[in-house]
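Asker: I would like to see how this sequence folds:
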Amino acid sequence: NCFAFHTPPSYAAWLRKAGFTVMNLANNHAFDFGPSGQRQTVTALTRVGIRNTGRPGTQAVQTVKGQRVAILGFAPYTWADSLLDIPRAKRRVQEAARTAEIVIVTFHGGAEGSDKTHVPAGSEVAFGENRGDLRAFTHAVIDAGADLVIGHGPHVLRGMEVYKKRLIAYSLGNFMGYEVFGLGGPLSTSMVLQATVNPDGTFRSGRIRPTQLVGSGVPAPGGSAIPTIQGLSRTDFGSRAPRIAADGTIRPRT
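Answerer: A predicted model of the protein is given here:
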C-alpha cells in the first residue's frame with residue numbers, strides 16, 4: 001500500500017469520550033492490515049460501546065427519541081458494502097427501512113484532492129479506481145428509503161442537495177488526521193453537520209459547525225466552511241441546494 005494507517009486499539013475509548021456512537025468502516029484504509037486488522041478494529045470499537053457499519057451486510061442500529069435509526073455505510077471496495085453496485089445498495093436500504101423508522105446512509109466515495117470540490121455528473125476515478133457515480137448512488141438510496149445521506153472521501157468539502165425532501169451532504173472534508181493528511185487551504189477546511197429530520201424522514205433543519213485542521217491535523221473551531229458550502233451547493237445543485245444562512249443554519253427550500 002502507498003499508505004497503511006493504524007491507531008492503538010486503546011484509542012477507541014477516546015472516540016467514545018468525544019461523543020462518537022457509530023463508526024463507518026467502509027473506506028479505502030479499513031483493510032490496510034487485512035482481515036485480522038479489520039477484526040481488531042471491530043473488537044476495539046465494540047469493547048467501548050461504539051457501533052460499526054460498512055462491512056458487507058452490516059448496519060448499525062440506534063434508538064433516538066423512540067425511533068429506530070439504521071445507519072448503513074458504503075464504499076467502492078470488496079471489504080465494504082459497495083456503492084458501485086447500486087441495485088444491491090438499494091436492496092440493502094429497503095431491507096433496513098422495513099424495520100427502522102429512519103435510515104441514514106454514509107459513504108466514502110469520489111475522487112480526492114484540493115481540486116475535487118465539485119460533484120460531477122457520472123463516475124469519478126482516482127488512482128485508477130472507480131470511486132462511484134455519487135449523484136446516481138445518493139438518489140438511488142433515497143429512492144429506496146434513505147432519509148439522510150452523508151459523504152466522505154474527497155478530503156475536501158463538497159456541496160449539499162435536497163432530493164425528494166431528503167438532505168444529501170456530499171463531503172464533510174477531513175475532521176481530523178494527526179500527521180497523516182496533506183494540509184492547507186481546502187484540505188484543512190471542515191465542518192460538523194447537525195441535521196434534524198421529521199418523523200417521516202424528511203429534512204427539517206440543520207446547522208454547519210465550521211472546523212479546521214490546525215497544527216499536525218487537530219480539529220479546532222473556525223474556518224470558512226459556511227461560505228464554502230454555500231457557494232458549492234449553489235453552483236452544483238442550483239434550485240435543489242438548501243438555504244444556508246450566514247450563521248450556518250440550513251433550511252429546505254419551500
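
Asker: residue 170 against residue 119, yeah?
Answerer: Yes: between residue 170 and residue 119 there is a contact under CB atoms under 8 Å: 5.0 Å. In this view, the C-beta of every residue, glycine as well, is placed from N, C-alpha and C.

Asker: same drill for those two, tell me which one is more crowded.
Answerer: Between residue 170 and residue 119, counted using other CB atoms under 10 Å, the more crowded position is residue 170 (29 against 24).

Asker: quick one, what contacts that one?
Answerer: Shown in contact with residue 170 (CB atoms under 8 Å, 6 or more residues apart in numbering): 110, 119, 134, 138, 151, 158-161.

Asker: name the nearest of the residues you listed relative to residue 231.
Answerer: Set against residue 231, the nearest of these by CB to CB is residue 159 (8.1 Å).

Asker: sorry, back to before: which ones among the contacts of residue 170 map onto strands?
Answerer: Mapping the contacts of residue 170 onto strands (DSSP state E) picks out 151, 160-161.

Asker: quick check, nearest of the contacts of residue 170 to residue 45?
Answerer: Distances from residue 45 to the contacts of residue 170, taken by CB to CB, are shortest for residue 151, at 21.2 Å.

Asker: neighbours around the closest one, how many?
Answerer: Neighbour count of residue 151, defined by other CB under 10 Å: 25.

Asker: who's in contact with the top strand by length along the chain?
Answerer: Secondary structure of the chain per DSSP E: the longest strand is strand 203-214. Surrounding strand 203-214, the residues in contact under the criterion CB under 8 Å, 6+ apart are 148, 162, 165-167, 174-177, 181, 183, 187-198, 219-226, 229, 242, 244, 248-252.

Asker: only the buried subset of the residues you listed, as a PyMOL command please.
Answerer: Provided next is the PyMOL selection string for whichever of the contacts of strand 203-214 are buried by 16 or more other CB atoms under 10 Å:
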select buried, resi 148+162+166+167+174+177+187+188+189+190+191+193+195+197+219+223+224+225+226+229+242+244+248+250
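
Asker: okay, and which of the contacts of strand 203-214 map to helices?
Answerer: Using DSSP state H to define helices, the subset of the contacts of strand 203-214 located there is 225-226, 229.

Asker: then stretch 241-251 to PDB, C-alphas only?
Answerer: Output of stretch 241-251 as PDB, limited to C-alpha atoms (Å, rounded to 0.1, in the frame of the first residue of the first chain):
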ATOM      1  CA  ALA A 241     -29.500  23.400  -2.900                       C
ATOM      2  CA  PRO A 242     -30.800  24.000   0.600                       C
ATOM      3  CA  ARG A 243     -30.900  27.500   2.000                       C
ATOM      4  CA  ILE A 244     -27.800  28.200   4.100                       C
ATOM      5  CA  ALA A 245     -27.700  31.300   6.200                       C
ATOM      6  CA  ALA A 246     -24.600  33.200   7.200                       C
ATOM      7  CA  ASP A 247     -24.700  31.600  10.700                       C
ATOM      8  CA  GLY A 248     -24.700  28.200   9.100                       C
ATOM      9  CA  THR A 249     -28.400  27.400   9.600                       C
ATOM     10  CA  ILE A 250     -29.600  25.000   6.900                       C
ATOM     11  CA  ARG A 251     -33.300  25.000   5.700                       C
END
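
Asker: if I look at the spatially closest residue to residue 196 that is not a sequence neighbour, how far off is residue 151?
Answerer: Nearest residue to residue 196, sequence neighbours excluded (CB to CB, 6 or more residues apart in numbering): residue 204, at 4.6 Å. Distance from residue 204 to residue 151, counting by CB to CB, to the nearest Å: 20 Å.
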